[in-house]
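Chemist: Requesting a structural model of the entry that follows:
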Amino acid sequence: MTRYHDTPFWRVVDAITGRIDRARGWDKLPTAVSLGVLVGLRDTLRRFNLYDTSTVPSVDLPPLAPPDPRRLTERTLDGSYNDLDDPRMGMAGSRFGRNIPLSSIVRDSAADKLRPSPREVSRQLMTRDSLIEATSVNALVAPWLQFMIRDWFSHGKSPTEDPWEVALADDDDWPDKPMRIMRVPDDPTRPASAGSQPPTYVNTSSHWWDASQIYGQTPEYQAFVRSRVDGKLRVEPDGSLPLPPGKTDGNPTEEPGFWIGLAMLQTLFTHEHNAVCDMLRGHYPTWSDEEIFQRARLVVAALIAKIHTVEWTPAVISHPTTAIALRANWFGLAGERVKNAFGRISSSELVSGIPGASTEHYGVPYSLTEEFAAVYRMHPLVPDDWSLRSHVDDGLIGDFTLREFSGPDGMAVLGKVTMDDLFYSFGTQHPGLVTLHNFPRFLQHFVRPDGNVMDLAATDILRHREMGVPRYCEFRRLMHLEAPTTFEDLTDDAAAAEAMRRLYDDDVERLDLMVGLYAEKKPKGFAFSDTAFRIFILMASRRLNSDRFFTRDFTPAVYTTQGLQWIADSTMATVLLRHHPQLRTAIRDAENAFVPWAHAGTSS
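Modeler: Numbering: from 1, shown residues only. Modelled structure (predicted):
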């Protein structure tokens, strides 16, 4: 593989755009100039911020199934054979990559990993007194992100032995002293002889954007969800999804993080899969159940990727430049109308978008990265308190807490409130802003289905340190940005700056990445930080560029002509209205289904 754009012309472009960004800020420039700067920044990140951890010696790699002609046109359960020349690339059980040089992976001592106390960082900087709203978007953005993360990455189940022990302040009412936080699982493919090599971790999920949160990654789970009739997934007579019996592996209500929002989207896109199956059966009446299932899976996975690219992300970072840039990832700068009318008019992704372009890894085998996982810790999006209302007249059905929405208890609410009313309620409420003092209280005292209690904010802080993700200032430098020299450089909130100074012993270099991401001043329209956005500039495109099912095989021969048309014609709003037409009045004026909907009984 060769490095991307390693030419004198692009080196000059990258240098100029980087200087402009650091001197002025891309978000403060005229739109046309700002777009050019983002192109240069992305090129710089592609050249300098992709690192391959598969170079670390490996043992006991997950088994690789033998080649099969069907893999040319079907996604595999474990993500293998997406790249036919490197069939292990991106498969479940392979390592997370890095967006920083392996030499920059932090190797703190055990004592430094616990300094300052992650619990005190949580208490003093994260605790929410009242919801700080992100008013430009609706609350569907929160479950959508979790729905995506369930597809993208998991570090697996933590071992119960030898947890981290966090000393607690005298006034801390945590039930156990010391607080115990389970460690991230070790890399099972790392040999003992790798001693001096940097720590690496395995993604137990497929790295590809393949809708595995719906279809599963094991034969057992997929066998459970499939009906084996007309390619469809199983749905109960009342429209709900079947659950594995009891407290068994694969039962989503027994997994940490399950809540109503996740169930809503899981149900919605299961019905969407079945609608695609009906469409394909109408056009191809002789096809087998397996053929219809595989084509429908491709269509639904691509539709989800499209919605995230051109709707969810532009909603949560609604700067005019990013809205154009993100849509250009899918449609190209020529635009949606040109692409839908004429298809690709250029081989360039800038002109005609990434879908259908050439597959490109930018010189490094594809994987998701630890830094990508780190910046996606956006729990402040989730409110603690929810009002469920009727889609008919906006009448109050009831007030609920996130605790009542979560785990097995959430199933009781699902049994009482219709999906129409749930989607309406989420669509007419605001989520939280990803900022300090806005972490859900429930998640700071989260009772897992196994009975263990955890402070998720403290755990997130410790995870970054444990995995060697650099602290905030060094992370900024590695992303080609200036680092703050004082806490006041980072935030205009004097009280927050003083709290950070106290916790971090007046050393801004020790500031945790997550704290800095939450504290920094945000570009106009952003629900999260500009520093996190640098990872998105790079990885949002890469997830499409590297996947042959979004590039060279995004064709009628693989998807069917009708499947590609379904993707082109569908948005989050059309998916919702296909299965919940009663929501039409609420969504009627929303150009994007992730911005606030109209309340029932109002004229706008």
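Chemist: domain assignment for the chain?
Modeler: 1-48, 76-129+138-204+211-587 (automatic domain parsing).
Chemist: do you know which of the ones you listed lies nearest Ser58?
Modeler: domain 76-129+138-204+211-587 (4.4 Å; Cβ to Cβ). Where you see a C-beta, it was placed from the backbone N, CA and C, and this is true even at glycine.
Chemist: Could you list the low-confidence segments of the protein?
Modeler: Low-confidence segments of the chain (pLDDT under 70): 1-5, 246-250, 603-604.
Chemist: ok, for Trp26, nearest residue in space, not its chain neighbours?
Modeler: Distances taken as Cβ to Cβ, 6 or more residues apart in numbering put Val37 closest to Trp26, at 4.5 Å, once the chain neighbours are dropped.
Chemist: gap between the one you found and Met479?
Modeler: 14 Å (Cβ to Cβ, to the nearest Å).
Chemist: if you count what's nearby, which of the two comes out ahead?
Modeler: More neighbours surround Met479 than the other of Val37 and Met479, with 25 against 22 (other Cβ atoms under 10 Å).
Chemist: Look up the closest residue to that one, ignoring the ones flanking it.
Modeler: Arg534 is the one closest to Met479 (Cβ to Cβ, 6+ apart), at 4.3 Å.
Chemist: can you check Lys339 too?
Modeler: Phe331 (4.9 Å).
Chemist: thought the one you found was touching Phe342?
Modeler: No - in this structure, Phe331 is not within contact of Phe342 by Cβ atoms under 8 Å, at 11.7 Å.
Chemist: Between these two, point out the one with more neighbours.
Modeler: Phe331 (23 against 10).
Chemist: Ramachandran coordinates for the more buried one?
Modeler: When read as degrees, to the nearest 10, the backbone of Phe331 gives phi -100, psi -20.
Chemist: so who does it touch?
Modeler: Phe331 sits next to Val310, Val338, Lys339, Ser352, Gly353 when contact means Cβ atoms under 8 Å, 6 or more residues apart in numbering.
Chemist: Including secondary structure and distance to Val13, could those go into TSV?
Modeler: Converted to TSV, the contacts of Phe331 look like this (DSSP: H, G, I helix; E, B strand; the rest coil; distance: Cβ to Cβ, whole Å):
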residue	secondary structure	distance to Val13
Val310	helix	26
Val338	helix	25
Lys339	helix	25
Ser352	helix	21
Gly353	coil	21
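Chemist: Among these, find me the one that's closest to Arg584.
Modeler: Nearest to Arg584 among those is Val310, at 21.4 Å by Cβ to Cβ.
Chemist: From Phe536, how far out is that closest one?
Modeler: Distance of Val310 to Phe536, computed by Cβ to Cβ: 14 Å.
Chemist: So which residues of the stretch 301-450 of the chain form helices?
Modeler: 313-316, 320-331, 336-342, 349-352, 370-375, 402-405, 407-414, 419-427, 441-444 (DSSP state H, counting those that start in this stretch).
Chemist: okay but Phe536 is in contact with Val316, surely?
Modeler: No - counting by Cβ under 8 Å, Phe536 stays clear of Val316, with 10.1 Å between them.
Chemist: Between the two, which has more neighbouring residues?
Modeler: Val316 (24 against 18).
Chemist: Please look at that one and Ser529 and confirm they touch.
Modeler: No - counting by Cβ under 8 Å, Val316 stays clear of Ser529, with 11.5 Å between them.
Chemist: sorry, back to before: what about the residue nearest to Lys339, distance to Lys306?
Modeler: Phe331 sits 10 Å away from Lys306, going by Cβ to Cβ.
Chemist: Excluding sequence neighbours, find me the nearest residue to His283.
Modeler: Ranked by Cβ to Cβ, 6+ apart and with sequence neighbours excluded, the top spatial neighbour of His283 is Gln562, at 5.3 Å.
Chemist: what's the closest non-adjacent residue to Phe48?
Modeler: Nearest non-adjacent residue to Phe48 (Cβ to Cβ, 6+ apart): His480, at 7.5 Å.
Chemist: Tell me who's in contact with the one you found.
Modeler: Gly18, Arg22, Leu41, Thr44, Leu45, Phe48, Arg534.
Chemist: quick check: longest helix of the protein.
Modeler: In the chain, with assignment by DSSP state H, the single longest helix is helix 260-283.
Chemist: tilt between that helix and helix 419-427?
Modeler: 120 degrees (axes from the mean of the first three to the mean of the last three Cα atoms, to 10 degrees).
Chemist: Pull out the CA atoms of helix 260-283 and give them to me as CSV.
Modeler: C-alpha atoms of helix 260-283 as CSV (Å, rounded to 0.1, in the frame of the first residue of the first chain):
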residue,chain,number,x,y,z
ILE,A,260,-35.8,2.0,25.4
GLY,A,261,-34.0,4.2,22.9
LEU,A,262,-31.9,1.3,21.6
ALA,A,263,-35.0,-1.0,21.5
MET,A,264,-36.9,1.6,19.4
LEU,A,265,-34.2,1.8,16.7
GLN,A,266,-33.6,-2.0,16.7
THR,A,267,-37.3,-2.5,16.1
LEU,A,268,-37.6,0.2,13.5
PHE,A,269,-34.7,-1.2,11.3
THR,A,270,-35.9,-4.8,11.8
HIS,A,271,-39.1,-3.7,10.2
GLU,A,272,-37.2,-1.8,7.5
HIS,A,273,-35.2,-4.9,6.7
ASN,A,274,-38.5,-6.8,6.2
ALA,A,275,-39.9,-4.0,4.0
VAL,A,276,-36.8,-4.3,1.8
CYS,A,277,-37.4,-8.1,1.7
ASP,A,278,-41.0,-7.5,0.5
MET,A,279,-39.7,-5.2,-2.2
LEU,A,280,-37.1,-7.7,-3.4
ARG,A,281,-39.6,-10.6,-3.3
GLY,A,282,-41.9,-8.6,-5.6
HIS,A,283,-39.1,-8.1,-8.2
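Chemist: Who are the packing partners of it?
Modeler: If contacts are counted by 3 or more Cβ pairs under 8 Å, 6 or more residues apart in numbering; DSSP states H and E, helix 260-283 sits against helix 141-152, helix 212-215, helix 289-307, helix 407-414, helix 419-427, helix 561-569, helix 572-579.
Chemist: Can I get the longest one as PDB, trimmed to CA atoms?
Modeler: Output of helix 289-307 as PDB, limited to C-alpha atoms (Å, rounded to 0.1, in the frame of the first residue of the first chain):
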ATOM      1  CA  ASP A 289     -34.800 -16.900   1.400                       C
ATOM      2  CA  GLU A 290     -31.000 -16.700   1.700                       C
ATOM      3  CA  GLU A 291     -30.600 -14.600  -1.400                       C
ATOM      4  CA  ILE A 292     -33.200 -12.100  -0.300                       C
ATOM      5  CA  PHE A 293     -31.800 -11.900   3.200                       C
ATOM      6  CA  GLN A 294     -28.300 -11.100   2.000                       C
ATOM      7  CA  ARG A 295     -29.400  -8.400  -0.500                       C
ATOM      8  CA  ALA A 296     -31.700  -6.800   2.100                       C
ATOM      9  CA  ARG A 297     -28.800  -6.800   4.600                       C
ATOM     10  CA  LEU A 298     -26.600  -4.900   2.200                       C
ATOM     11  CA  VAL A 299     -29.300  -2.400   1.500                       C
ATOM     12  CA  VAL A 300     -30.100  -1.700   5.200                       C
ATOM     13  CA  ALA A 301     -26.500  -1.500   6.200                       C
ATOM     14  CA  ALA A 302     -25.800   1.100   3.500                       C
ATOM     15  CA  LEU A 303     -29.000   3.000   4.400                       C
ATOM     16  CA  ILE A 304     -27.900   3.200   8.000                       C
ATOM     17  CA  ALA A 305     -24.500   4.500   6.900                       C
ATOM     18  CA  LYS A 306     -26.100   7.100   4.600                       C
ATOM     19  CA  ILE A 307     -28.400   8.300   7.400                       C
END
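Chemist: in that helix, what's buried?
Modeler: 289, 291-307 (16 or more other Cβ atoms under 10 Å).
Chemist: Tell me where the stretch 51-200 of the chain has strands.
Modeler: 164-166, 179-181 (DSSP state E, counting those that start in this stretch).
Chemist: highest average neighbour count across these?
Modeler: strand 179-181 (a mean of 20; mean count of other Cβ atoms under 10 Å).
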